[in-house]
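Asks: Give me a model of this one.
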Amino acid sequence: MHLFECYNNKNSICLNAEELWEVEKMYTEVWLVVALIWGIVWGAVTRQTIIDKGYDNGAAYFFLGFFLGLIGWIYAFSKPDLKKQVQEKMMYDYIQGNNQSKQPSMNNNTSENNNSGISSGKAKEELTAYKNMLDEGLITEEEYEAKKKQILNI
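Replies: Next comes the predicted model:
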């Protein structure tokens, strides 16, 4: 049944060509708005996912999510977590540095001050690195304070 046909039935809808065009135009506008909102939501979710992983090209991933939706988000979600990798590397380097300083030396004449831990230059460097990690949100305030006490032997 076409909408152009008009029946003498109480339940039928009778539209002329102009009214039908207005209805189709309204549905088209509604679908465009819905598609635009859908794309913006997926773009924002994809962008935030990639920023949370430590990447700085969020705009490119916004458009990936905008046009591909769930597929773009899955791609962004599957990328490796850079913040976690950086934090793990810093912790590994820190642990390796502590292990090297705890190895027994061949020289038994060393004083107690030489074995007291990290040199002041290295301590300052590590505290600065951990402070930067705290400022970037890679570690919490409690983790920073614990590392600070550990480095300064408090």
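Asks: Going by contacts, tell me the helices and strands next to the lengthiest helix in the chain.
Replies: Counting residues, the longest helix in the chain under DSSP state H turns out to be helix 17-52. With contacts taken as 3 or more Cβ pairs under 8 Å, 6 or more residues apart in numbering; DSSP states H and E, helix 17-52 sits against helix 58-68, helix 70-77. For every residue, glycine as well, the C-beta is placed using N, CA and C.
Asks: Can you give me the buried ones in it?
Replies: Using 16 or more other Cβ atoms under 10 Å as the test for burial, helix 17-52 gives 39, 42-43, 45-51.
Asks: Return the closest of those with respect to Met133.
Replies: Among those, Ile51 lies closest to Met133 (Cβ to Cβ), at 16.8 Å.
Asks: what pLDDT does the closest one get?
Replies: On the pLDDT scale, Ile51 is placed at 91.
Asks: now swap in Glu142 and tell me
Replies: 88.
Asks: and the host helix or strand of it, C-alpha only, in PDB?
Replies: Using DSSP states H and E, Glu142 falls within helix 141-152. What follows is helix 141-152, C-alpha atoms only, in PDB (Å, rounded to 0.1, in the frame of the first residue of the first chain):
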ATOM      1  CA  GLU A 141      50.800  10.100  46.400                       C
ATOM      2  CA  GLU A 142      51.200   7.100  48.800                       C
ATOM      3  CA  GLU A 143      53.600   5.300  46.300                       C
ATOM      4  CA  TYR A 144      55.600   8.500  45.900                       C
ATOM      5  CA  GLU A 145      55.900   9.000  49.700                       C
ATOM      6  CA  ALA A 146      56.900   5.400  50.200                       C
ATOM      7  CA  LYS A 147      59.600   5.700  47.500                       C
ATOM      8  CA  LYS A 148      60.800   9.000  48.900                       C
ATOM      9  CA  LYS A 149      61.200   7.400  52.400                       C
ATOM     10  CA  GLN A 150      63.000   4.500  50.800                       C
ATOM     11  CA  ILE A 151      65.400   6.600  48.800                       C
ATOM     12  CA  LEU A 152      66.100   9.000  51.700                       C
END
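Asks: which helices and strands does that helix pack with?
Replies: helix 120-135.
Asks: other SSEs contacting the helix it packs on?
Replies: In terms of contacts (3+ Cβ pairs under 8 Å, 6+ apart), helix 120-135 is packed against helix 82-102, helix 141-152.
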